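*Asks:* can you look at this prediction? I've put the sequence above it.
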Amino acid sequence: MGKLFGPDFITQKYLQQYPNSARARSWAGVGVHIETENGVWRIGGNGYTWAGKPDAWVLPFEQAVRKIAHCGPEKRGRFLRAARSALQEKPHDD
């Protein structure tokens, strides 16, 4: 079993088990990358790349959680703290 959290990531599984924990709340407003089994999501969720690359999507934690809410445990969803502070939001995003 993989780790559910670390200093630079928190998993979807952890959030489902402990949604109101202090650790989960501490991620509020943080810019994150979404990572699933194939890699880090590109801007707008169009394909995969690696964290830190210019085309890696950075969005607010709360929005990222909503984006992968439909994903099952087989996707191994997790959120990686983004190294850069600029958030990139897709136009007309929720």
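*Replies:* Yep, that arrived. Residues are numbered from 1 along each chain as shown.
*Asks:* okay, Arg76: pLDDT?
*Replies:* At Arg76, the pLDDT value in this model is 94.
*Asks:* correct me, but it touches Gly39?
*Replies:* No: using Cβ atoms under 8 Å, Arg76 makes no contact with Gly39, being 11.1 Å away. Using the backbone N, CA and C atoms, a C-beta is placed for each residue, glycine as well.
*Asks:* let me see the ranges of the helices in this structure.
*Replies:* 12-17, 22-25, 61-67 (DSSP state H).
*Asks:* now these in CSV, with mean pLDDT?
*Replies:* Output for the helices of the chain, formatted as CSV (pLDDT from 0 to 100):
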stretch, mean pLDDT
helix 12-17, 95
helix 22-25, 95
helix 61-67, 96
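*Asks:* how about the CA coordinates for stretch 44-62, as CSV?
*Replies:* C-alpha atoms of stretch 44-62 as CSV (Å, rounded to 0.1, in the frame of the first residue of the first chain):
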residue,chain,number,x,y,z
GLY,A,44,-7.3,21.5,-19.2
GLY,A,45,-7.0,17.8,-18.6
ASN,A,46,-5.9,17.1,-22.1
GLY,A,47,-3.3,14.3,-21.9
TYR,A,48,-0.4,13.7,-19.5
THR,A,49,3.0,15.1,-18.7
TRP,A,50,5.3,15.5,-15.7
ALA,A,51,5.0,17.8,-12.7
GLY,A,52,6.9,21.0,-13.2
LYS,A,53,6.7,21.0,-17.0
PRO,A,54,5.3,24.1,-18.6
ASP,A,55,2.2,22.2,-19.9
ALA,A,56,1.4,20.7,-16.4
TRP,A,57,-1.9,22.0,-15.2
VAL,A,58,-1.8,24.0,-12.0
LEU,A,59,-5.1,24.7,-10.3
PRO,A,60,-6.5,25.4,-6.9
PHE,A,61,-6.7,22.3,-4.7
GLU,A,62,-10.5,22.6,-4.2
